[in-house]
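Visitor: using only what follows, build the 3D model:
(chains A and B)
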Amino acid sequence: MSTLKNEAICSMDTDFAQWYTDVCRKAELMDYSSVKGFIIYRPYGYAIWENIRECLDKKFKETGHENVYMPMLIPTSLLQKEADHVEGFAPECAVVTKGGLDDLEEPLVIRPTSETLFCEHYAKVVNSYRDLPKKYNQWCSVVRWEKTTRPFLRGSEFLWQEGHTIHASEEEAREETLRMLDIYKTTCKDLLALPMVTGLKTEKEKFAGAEATYTIEALMHDGKALQSGTSHYFGQGFAKAFDMKFLNKENKQEYVYQTSWGVSTRLIGAVIMVHGDDNGLVLPPRVAPTQVVIVPIRQNVDGVLDKAYEIEKTLKEAGLRVKVDASDKSPGWKFSEAEMRGIPLRIEIGPKDIEEGKCVIAKRNDGVKEKYNLDDNLVANINTLLDKMHNEMYDKALKHLNEHMTRVNTMEEFVDVLENKTGFVRAPWCGDTECELKIKEQTTATSRCITDQEVHGEKCICCGKEAKKIVNFAKSY
RNA sequence: CGGAAAAUGGCUUAACUUGGUAGAGCGCUUGGUUCGGGACCAAGAGGUUGCAGGUUCAAAUCCUGUUUUUCCGACCA
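Guide: Numbers count the residues shown, from 1 in each chain, chains lettered A, B, ... in the order given. The predicted structure follows:
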């Protein structure tokens, strides 16, 4: 492995925030627009999102969900129907007040999330238990007027999917909430090589209007947590506010049981901050827009480019996403470029290799270079390498997560671990929002999720009262 | 939203303190030689300095406002 450092990218240890920004821009994932918090998703960055979307969309459909599209604008009065919901979202809404040159009768909110729109629609179309469940999803962007913005992690506009389902029973809705949480978790593992910590949010952290919020939390390279997706059980809260009733089997009116769940382009931020290194992005093979880049060496020597294209054709036919870099840059330049963009495998092919009937394949995650025969096994070898890389990346991330998951019993330990070791800190908690706020004030750490660990007489690290839960705390993005 | 810093060809930047024709490196274009970790030669193109005002004979430079970005807090997916 070369020790060459790309000068364009700040090293992670020098300044992690700067490193992150450098990677986003130099890997050409995004660019800034002239409106604060609204970014341009460049082709390479958007392609990652498309791959995430494709994978999830398939799973949503397999589990009986249908895609729909709701309007972007919500009448203010509609957003205000559910008290907790409006209280949670009102401070960060962008509002349209003019149509053409005239003031609007009623201001229209640009959707920060679409619960209210789905509720209004569901209330109209559902009459009987025979109409249930309704399991809709939409892919769209939402707008939340954020004060501090960062590419992919927190934007004023971001791309996401929001699933909204209604059911005839609490049991079925709760099942749905957990099913979608599991789909998120397994997709993160199988597609993005991201291990997730999952659990229930506390009262303070849960979604505005939800009865229960489940979360998937990832641990970034710098020891901070990132909420990467949520799945909510709403009970009948919205149903009552929006009058979503159905006639059940006993011929009685009943309110529907509801869920919603979403993941966003924030997942791209997680991929960058979990897998990346000082040479740039490192993309998990299954989500990488380009899985293999072929770099011809001495490409103007007869037969070299032909061979490169021949390999490309073979790999493409095998369903791999592959590109030949036939630009007239030097090979070294191409290597660096491919590394910066996180392309999983790089095939080097030159006159010497062709003579030997071989090629060199370099792995992005660890830089290991090996020779492979240019024979019928090449595709199989590459697929093996890609799977191996995926597992190595997941295992490395999981190791990092496990090493930064610390159980403590006192406030002193809590502060010490948080400051010196970073990562998730597991601590007993009495269940009081008061204590959560105090912990946040003292340490800047927030509760990320409640674990399912049993409590055996431990005391709350904040107030010393009987603990009710063991909670994962962390500093977070 | 508070505190700090920044904005000059595509990128990194010089000139700003002390006002006087915006300079470089990389990248880009054309031609040629190269090619196993960011190659080289030659000839070109590209900026009026984030935006808006003000001061001045004269503004990248001084003043005011504003927008965007970065970092630190508060808020939040």
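
Visitor: residues near the residue lying closest to A:Asp31 once chain neighbours are set aside, how many?
Guide: What sits nearest to A:Asp31 in space, not counting adjacent residues and going by CB to CB, 6 or more residues apart in numbering, is A:Ile40, at 4.4 Å. Using the backbone N, CA and C atoms, a C-beta is placed for each residue, glycine as well. Look at A:Ile40: counted by other CB atoms under 10 Å, it has 12 neighbours.

Visitor: wait, A:Ile40 touches A:Glu28, no?
Guide: No. Counting by CB atoms under 8 Å, A:Ile40 does not reach A:Glu28; the two are 10.5 Å apart.

Visitor: show me which residues of the stretch 51-200 of chain A are close to RNA strand B?
Guide: The stretch 51-200 of chain A comes close to RNA strand B at residues A:88, A:91-92, A:144, A:146-151, A:153-156, A:158, as judged by CB under 7 Å from any atom of the strand.

Visitor: are any of the residues you listed buried, and which?
Guide: Taking 16 or more other CB atoms under 10 Å as the criterion, what is buried in these is A:Gly88, A:Arg144, A:Thr149, A:Arg150, A:Pro151, A:Leu153, A:Arg154, A:Gly155, A:Ser156, A:Phe158.

Visitor: so can I have CSV of the residues you listed showing pLDDT and secondary structure?
Guide: As requested, these are exported to CSV (pLDDT from 0 to 100; DSSP: H, G, I helix; E, B strand; the rest coil):
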residue, pLDDT, secondary structure
A:Gly88, 88, helix
A:Arg144, 94, coil
A:Thr149, 93, coil
A:Arg150, 93, strand
A:Pro151, 94, coil
A:Leu153, 95, coil
A:Arg154, 94, strand
A:Gly155, 93, coil
A:Ser156, 94, coil
A:Phe158, 95, strand
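
Visitor: return the member of those residues nearest to A:Pro331.
Guide: Proximity of these to A:Pro331 (CB to CB) peaks at A:Pro151, which lies at 30.5 Å.

Visitor: please name the nearest non-neighbouring residue to the closest one.
Guide: In space, and not counting its chain neighbours, A:Pro151 is closest to A:Cys24: 4.5 Å by CB to CB, 6+ apart.

Visitor: number of nearby residues for that neighbour?
Guide: A:Cys24: 24 surrounding residues under other CB under 10 Å.

Visitor: quick check: it touching A:Phe152?
Guide: Yes. With contact defined as CB under 8 Å, A:Cys24 reaches A:Phe152; the gap is 7.0 Å.

Visitor: overlap in contacts, those two.
Guide: A:Met30, A:Ile272 (CB atoms under 8 Å, 6 or more residues apart in numbering).

Visitor: just checking, A:Arg448 touches A:Gln227?
Guide: Yes. Contact criterion CB under 8 Å: A:Arg448 and A:Gln227 qualify, at 7.2 Å.

Visitor: thanks a lot, see you next time.
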